[in-house]
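J.: Requesting a structural model of the entry that follows:
(4 chains, ligands or ions: 6)
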Amino acid sequence: MSERIAAPFGRRLLTVTANEPLGAYRVLRAAAPDGAQPAAGQFAMLATAERWGAGTDDRPYLPRAFSYARFQDGEAHFLLEDVGPGTRRLCELREGDGLWLLGPLGRGFAMPEQGRRALLVGGGVGIAPLAIWQDELSASEPLFTNTPSFGDTPGSDDAPRVDSEPRSNLPHTTVLLGFRDSAHAEGAMLLRNSQLATDDGSVGHHGRVTELLRAELDRDAHATVYACGPPPMLESVRALCAERDVSAQLALEAGMACGFGACYGCVVPARSGYLRVCVDGPVIAAAELEHVGIHAGSPQ
Amino acid sequence: MSERIAAPFGRRLLTVTANEPLGAYRVLRAAAPDGAQPAAGQFAMLATAERWGAGTDDRPYLPRAFSYARFQDGEAHFLLEDVGPGTRRLCELREGDGLWLLGPLGRGFAMPEQGRRALLVGGGVGIAPLAIWQDELSASEPLFTNTPSFGDTPGSDDAPRVDSEPRSNLPHTTVLLGFRDSAHAEGAMLLRNSQLATDDGSVGHHGRVTELLRAELDRDAHATVYACGPPPMLESVRALCAERDVSAQLALEAGMACGFGACYGCVVPARSGYLRVCVDGPVIAAAELEHVGIHAGSPQ
Amino acid sequence: MSVEFCGIELAHPVINGSGTFDAIAARRAFGKALDEEFPFAAFVSKTITLTPRAGNPPPRLWEAQAGLINSIGLPNKGLERYIAEDLPELAQLTVPLITNVMGSTIEEIASLLQACDTRSEIAAVELNVSCPNVQTGLDIGADPLALERVLCAVREELHKPLIVKLTPNCADVAACALAAQEGGANAVSLINTLRATALRPATGHKRIIGQPDLWLGGGSGGLSGAAIRPVALAQVAAVAKRVTIPVVGMGGVQNALHARQFLDVGARLVAVGTESFRDPSIATRIATELDSANGPHSLI
Amino acid sequence: MSVEFCGIELAHPVINGSGTFDAIAARRAFGKALDEEFPFAAFVSKTITLTPRAGNPPPRLWEAQAGLINSIGLPNKGLERYIAEDLPELAQLTVPLITNVMGSTIEEIASLLQACDTRSEIAAVELNVSCPNVQTGLDIGADPLALERVLCAVREELHKPLIVKLTPNCADVAACALAAQEGGANAVSLINTLRATALRPATGHKRIIGQPDLWLGGGSGGLSGAAIRPVALAQVAAVAKRVTIPVVGMGGVQNALHARQFLDVGARLVAVGTESFRDPSIATRIATELDSANGPHSLI
Ligand SMILES: Cc1cc2nc3c(=O)[nH]c(=O)nc-3n(C[C@H](O)[C@H](O)[C@H](O)COP(=O)(O)OP(=O)(O)OC[C@H]3O[C@@H](n4cnc5c(N)ncnc54)[C@H](O)[C@@H]3O)c2cc1C
Ligand SMILES: Cc1cc2nc3c(=O)[nH]c(=O)nc-3n(C[C@H](O)[C@H](O)[C@H](O)COP(=O)(O)OP(=O)(O)OC[C@H]3O[C@@H](n4cnc5c(N)ncnc54)[C@H](O)[C@@H]3O)c2cc1C
Ligand SMILES: Cc1cc2nc3c(=O)[nH]c(=O)nc-3n(C[C@H](O)[C@H](O)[C@H](O)COP(=O)(O)O)c2cc1C
Ligand SMILES: Cc1cc2nc3c(=O)[nH]c(=O)nc-3n(C[C@H](O)[C@H](O)[C@H](O)COP(=O)(O)O)c2cc1C
Ligand code: FES
Ligand code: FES
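T.: Ligands and ions are numbered 1, 2, ... in the order given. This is a model prediction of the structure:
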């Protein structure tokens, strides 16, 4: 893991440009003109300009962490799942509203070792950082595949930014995504050419996304795995890759107060001791972890 | 002072039916079907259903006290002046929003002694309780004068509730109201047949409303004075009446936490010791006070 | 749902915090509804002292972030008039009466307990050794040795349950609770308000070193409400672990979930204070929801 | 705007609270912008202990009403590695460095002071006798006599300004401050976090007496942020009245008005902690607005 773009010092007030549903999720966009272009896997600390510190519980009080799902035309995109007071406020934002943003923060994904294909494995809202990562990877892919952005019907030609000349030659990227049900599975629109699994079998493979991963690895283990999702999923990704000694980069989550290494609140246990997810991660090499514990993952 | 209507136990969630500007003020109306009809001079503790406990300062946290300005067709009317976070939230309420109300609370005005005319003296937002008091008094007046309700152009015939048969025969009520400027003076629409004074002379007498009171009392001291407004005004009303030993009933204000005698926070010094404005008042006989101190009045 | 507390059978585990509900004033405000819908399983009186106290000069209240600072100063009519005037009225309550008393010397406390001992209207006595608004009592409550000594000296004067209301403004509240138990207390209650202060807003910008413009008439006061709940929960948990006598937990309880949390950390009863100012009937709702299995759950 | 503090010239009166800003991690997150826009007039390190500490297991954070509970557990690499690895990096800061240390015995504290004494990078030492997250140090800080004894025993080891960071979890913080002064402290700083705890939300409804389901990995923690400001202001005021040495005031400072209030009650410097988590550059804004006469004013 090496990709780290430094953030401007201090939070900035952005303007919301769109907030649209994407199945069970919402996609929030905000104009970040002066903002640095994030590396895939980095995140931002977000808070609404209004009603943050509000509600009968006086929560949310602290900002919340969200992966950049895409960064396009000077707009930061975030994929939101309403799980509590903070995400609820963010989901309620309307075009023109104010959004406090501190970022980009943390360490993002690193390119696969030469010759290895990228294998993206996402669970639930954890697919967000994989979307922007696929954008980056596709910019380096040999032949360029149609890339719909949110909500577009496949075949549209409105495509995200791509570097004119590929950085390197990569084999195609494989994308495996798992969701609770069909409503959540619509989140897959965020990525391209993905194979799906749902817990209720309503879409794609009936079962765990890690079952798809196992099959993929058994077919061809010459890959670097990039995963983000709930702790149990990340743990089995870690285990599957460890058995086959495939290198994996896991985007972890943890409750955060600051996002820039100040509070030491976001730690996860690693072989080398506690790591701060916000500065040592969120993307951490699976090899650094003995086990992905409950507190290493998305709070839900 | 005797008028005290008991309140239902516990706050009730009302629905806002209107919130219209009245010059520099706003008039908030809420449907109080099951609510008890308040006595003039009583007040209610109000809080918005949303965003109470909100804002960067996490205030307002406790409910705020407001005099009933009128109670008509099952609707409670309040006159609002935006002076801080609580009043701001209330001023922002829209039709259909929720309003928490505890009331009616406190002791209201008592009828003038036989034969004496009622002399109403109001300053700023303090005119609110005088409006509902005028309604009650006019119900007892010999001949009935046209009574526009808020915002109506004089001459309209949409009139407030009046008892069909007068309770007693009272001489006419005199109404003296003082305001900062013409924008605030529009609040006078809340009452009928009022003489105005403004600090900037833009409307009516250029000066203090208490100067009008002095003239009235010099003309005819056979009156009972009812006053509500800022502490300095109430103090000179008290002094003017004391000199002429005219009985006066002052509607006091004080910072309140509960409104029903629980916190002992709303006290004002009186001859008999500290009085709780919320249960011993808000209407208190001027004779009970040696002096109207700054904390006996509206916080502003 | 009924609970046994010091040999007294209570309908439910929710009572009021001393000084946060005046049953006599509430009867004036709410009429018979107060008695019909009385929210507490037992009524705790405001602190009574041997001689009458006027209390602190206003302002006595300051609204803090998610909290309230009060500087009431324990106004009360003194033991004699409390017994003569208030006891008969309080005796009409349908719930047991707990009289809260405070004395600055062993003699004072002894005579307070003696007087309460002879009155059948009083089911139990709560000894306040913790009010931060006044100097007396403070040291006793904060020093385990002094506390135990005082209790041993006065305990035999009372042949009824003695509850000691601890001060939270100490180094080791569990040690104080243990001292209270050793001294013969049948229960301990906590937390009282945290010593706090506030400055007059308008002068926040003017610097007057040495003599800041304090808002509260009493100079400093005590913080209560939501803001102190995390501190209260920690102190109640620490005390419940250390003592064998029942514990009355309070501090920022706003709903059944909060109440349940105090019970979870070992409290036998829960007291509601500041939240009653926001809604006098909140304790009824809390008791009802505590009773229904999924009540507090729904509040998460 | 520049301030003299223990013989050190500071550009403005705003510094950071120990453990709430990691300059080294921030440099990774914000790059050179951190040094160019460094917000504090002096940098206070996280508490350093003689031997390395891993800190508490996660979760370490709980968001309270207008506050934050942390149970970090003072993780640090220990004196040796702090000096070898961190000092060189911290020496690059453009502001004076204050190293915060904590020891559980006189010997430990003595060797910590000795080590700091020899390092020219360190301008002053802050001795933490107040961290509620761990057992050590607690008793010393809460007991004036013990505190003075310890300080007298170690003071001569350090030929630099010694700041004693007091504990707020005591009966009489002013007495502790006076003891620190007698013991040779050149300044005192307060308040540290208030002992607090929280329960796992989902189980709030399940009653497990005796063993509540505590949320924090460390069991209990410390409350900081807006919620504690009224308590902090009272403690700082009490201390400033009692001691002649300069006072560093902190606790819930969110803006220049709050900072001004701490200065008004007698603090020489103000420290910002939790609010930096919401915006790392807030201290710059506070210092700027403190400087401009009408800054804090406009914040009222
Ligand atoms: C690096 C990173 C990237 C992330 N990316 C995304 C993303 O792209 N999209 C997305 O939707 N989410 C993302 N998350 C998760 C997101 O930050 C959380 O869902 C969010 O913080 C929840 O806040 P909330 O107020 O809505 O819910 P909360 O009420 O904060 O609840 C969230 C969880 O926090 C715990 N909790 C509950 N109450 C408290 C309390 N009082 N104090 C502390 N913890 C509590 C519980 O475990 C609960 O399940 C990311 C998290 C991290 C760390
Ligand atoms: C019986 C009664 C009847 C009333 N009737 C009316 C009415 O009909 N219409 C009307 O508009 N108003 C009325 N008021 C006044 C009204 O209650 C106040 O204007 C209102 O409470 C202000 O709340 P706020 O949050 O808007 O302002 P606040 O911020 O509460 O400021 C109001 C005043 O409170 C003080 N203050 C400032 N900060 C704090 C703090 N943190 N804690 C404590 N005090 C603080 C200051 O003196 C300030 O000027 C009445 C008051 C009483 C007691
Ligand atoms: C306005 C007010 C008055 C109080 N008076 C007393 C009192 O007279 N005696 C006492 O022991 N506690 C008194 N308390 C403390 C409360 O009983 C309670 O311990 C504290 O407020 C914490 O509970 P809460 O957060 O639910 O209010 C008072 C509290 C408030 C807010
Ligand atoms: C996450 C966190 C970690 C802290 N670590 C330390 C520490 O290592 N040493 C110390 O003396 N104080 C520590 N503190 C206390 C702060 O320095 C400060 O005294 C307290 O948070 C009050 O200020 P605030 O309300 O502005 O945060 C810590 C506070 C927080 C929130
Ligand atoms: S969130 Fe504060 S250190 Fe990671
Ligand atoms: S407002 Fe509480 S006693 Fe009057």
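
J.: Stretch C:165-185: which residues count as buried?
T.: C:165-181, C:183-185 (16 or more other C-beta atoms under 10 Å in any protein chain shown). Heads up, the C-betas are built off the backbone N, CA and C, glycines and all.

J.: The stretch 151-300 of chain C against chain A: which residues are in contact?
T.: C:226, C:254 (C-beta under 8 Å from any C-beta of the partner chain).

J.: ok, back up a step: near ligand 3, from the buried residues of stretch C:165-185?
T.: By C-beta under 6 Å from any ligand atom, the members of the buried residues of stretch C:165-185 lying near ligand 3 are residue C:165.

J.: Near chain D, list only the ones from the buried residues of stretch C:165-185.
T.: The residues of the buried residues of stretch C:165-185 that also fall near chain D, by C-beta under 8 Å from any C-beta, are C:167, C:169, C:170, C:171, C:172.

J.: Isn't residue C:93 up against residue C:23?
T.: Yes - the pair residue C:93 / residue C:23 is scored as a contact, 6.0 Å apart, by C-beta atoms under 8 Å.

J.: ok, the closest residue to chain B within the stretch 101-250 of chain C - contacts?
T.: Taking C-beta to the nearest C-beta as the measure, the stretch 101-250 of chain C has residue C:225 as its residue closest to chain B, at 7.0 Å. Residue C:225 makes contact with B:61, C:64, C:66, C:67, C:68, C:252, C:273, C:274, C:275 under the criterion C-beta atoms under 8 Å, 6 or more residues apart in numbering or on different chains.

J.: and the fourth one, how far is that from residue A:259?
T.: Translated: residue C:67. As for residue C:67, its distance to residue A:259 is 27 Å (criterion: C-beta to C-beta, to the nearest Å).

J.: on that earlier part again, out of the contacts of residue C:225, list just those in strands.
T.: Residues of the contacts of residue C:225 located in strands (DSSP state E): C:64, C:67, C:68.

J.: For the second one, which non-adjacent residue is spatially closest?
T.: For residue C:67, the nearest residue in space outside its immediate sequence neighbours is residue C:227; the separation is 3.3 Å by C-beta to C-beta, 6 or more residues apart in numbering or on different chains.

J.: Would you check that the one you found makes contact with residue D:66?
T.: Yes - Residue C:227 is within contact range of residue D:66, at 6.1 Å (criterion: C-beta under 8 Å).

J.: intersection of neighbour lists for the two?
T.: Residues touching both residue C:227 and residue D:66 by C-beta under 8 Å, 6+ apart: C:65, C:66, C:67, D:227.

J.: Just say helix, strand or coil for the last one.
T.: With DSSP: H, G, I helix; E, B strand; the rest coil as the basis, the three-state label of residue D:227 is helix.

J.: shouldn't it be in contact with residue C:65?
T.: Yes - counting by C-beta under 8 Å, residue D:227 touches residue C:65, with 6.1 Å between them.

J.: distance between the ends of stretch C:19-27?
T.: Stretch C:19-27 stretches 16 Å from its first residue to its last (C-alpha to C-alpha, to the nearest Å).

J.: what about it, distance to the chain center?
T.: In terms of C-alpha atoms, centre = their mean, to the nearest Å, the centre of stretch C:19-27 is found 14 Å from the chain centre.

J.: which residues are contacting that stretch?
T.: So stretch C:19-27 is contacted by B:260-264, B:276, B:279, C:34-35, C:38, C:40, C:43-44, C:46-47, C:72, C:74, C:86, C:89-90, C:93, C:100, C:224, C:272-274, C:276-277, C:280 (C-beta under 8 Å, 6+ apart).

J.: just to revisit the earlier point, neighbour-wise, which of residue C:227 and residue D:66 wins?
T.: A count of neighbours by other C-beta atoms under 10 Å in any protein chain shown puts residue C:227 above the other of residue C:227 and residue D:66, at 35 against 26.

J.: How much space separates the more buried one from residue C:237?
T.: For residue C:227, the distance to residue C:237 - C-beta to C-beta - is 18 Å.

J.: same check, this time on residue A:221
T.: 51 Å.

J.: got it, and residue C:42?
T.: 23 Å.

J.: Quick one: name the residues of the stretch 1-150 of chain C near ligand 3.
T.: C:17-20, C:46-47, C:68, C:70, C:72, C:74, C:100, C:128, C:131.

J.: what does the stretch 151-300 of chain C give?
T.: So the stretch 151-300 of chain C meets ligand 3 at C:165, C:192-193, C:224-225, C:228, C:250-253, C:272-275 (C-beta under 6 Å from any ligand atom).

J.: try 8 Å this time
T.: Residues of the stretch 151-300 of chain C lying close to ligand 3 (C-beta under 8 Å from any ligand atom) are C:165, C:189-193, C:222, C:224-226, C:228-229, C:232, C:250-253, C:271-277.

J.: Fine, thanks again, bye for now.
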